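Q: The sequence and its predicted three-dimensional model are supplied below.
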Amino acid sequence: MESIKFIKDYDGNKTGEIKNVKKDIADYLIKKGLCVSNNIDNSASPKDKFIKK
């Protein structure tokens, strides 16, 4: 299971967090640009996480 955060803007401001999401659903939301993975270490900037394809 994945943990993801919703984002509301390109600065990566978080609007909410969901834990225990199925990986395929999490991947879909991340690909759509609606979420970022909460499993990525926070050393990368939010913009890097958002742009990652």
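A: On my side now, so go ahead.

Q: Please enumerate the helices of this structure.
A: For the chain, the helices defined by DSSP state H occupy 23-31, 46-51.

Q: In terms of secondary structure, what does the first one contact?
A: Pointing back at helix 23-31 there. In this structure, helix 23-31 makes packing contacts with strand 2-7, strand 35-37, judged by 3 or more C-beta pairs under 8 Å, 6 or more residues apart in numbering; DSSP states H and E. For glycine as for every other residue, the C-beta is placed from the backbone atoms N, C-alpha and C.

Q: Show me what counts as buried in the longest one.
A: What that stands for is strand 2-7. 2, 4-5, 7 (16 or more other C-beta atoms under 10 Å).

Q: Put together CSV for those residues, with pLDDT and distance to Glu17 on each row.
A: CSV is the format used below for the buried residues of strand 2-7 (pLDDT from 0 to 100; distance: C-beta to C-beta, whole Å):
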residue, pLDDT, distance to Glu17
Glu2, 80, 11
Ile4, 82, 7
Lys5, 80, 5
Ile7, 70, 11
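
Q: Specify which member of those is nearest to Ala26.
A: Distance to Ala26 across these (C-beta to C-beta) is lowest for Glu2, with 3.7 Å.

Q: Chain neighbours aside, what residue packs nearest to the closest one?
A: Nearest non-adjacent residue to Glu2, counting by C-beta to C-beta, 6 or more residues apart in numbering: Ala26, 3.7 Å away.

Q: For the longest strand out of those in the chain, list every residue counted as buried.
A: Scanning the chain for the strand with the most residues, using DSSP state E, yields strand 14-21. For strand 14-21, burial by neighbour count (16+ other C-beta under 10 Å) applies to Val21.

Q: tell me the angle that strand makes with strand 2-7.
A: Angle, strand 14-21 to strand 2-7, by axes from the mean of the first three to the mean of the last three C-alpha atoms, to 10 degrees: 160 degrees.

Q: Summarise which helices and strands strand 14-21 is packed against.
A: In terms of contacts (3+ C-beta pairs under 8 Å, 6+ apart), strand 14-21 is packed against strand 2-7.
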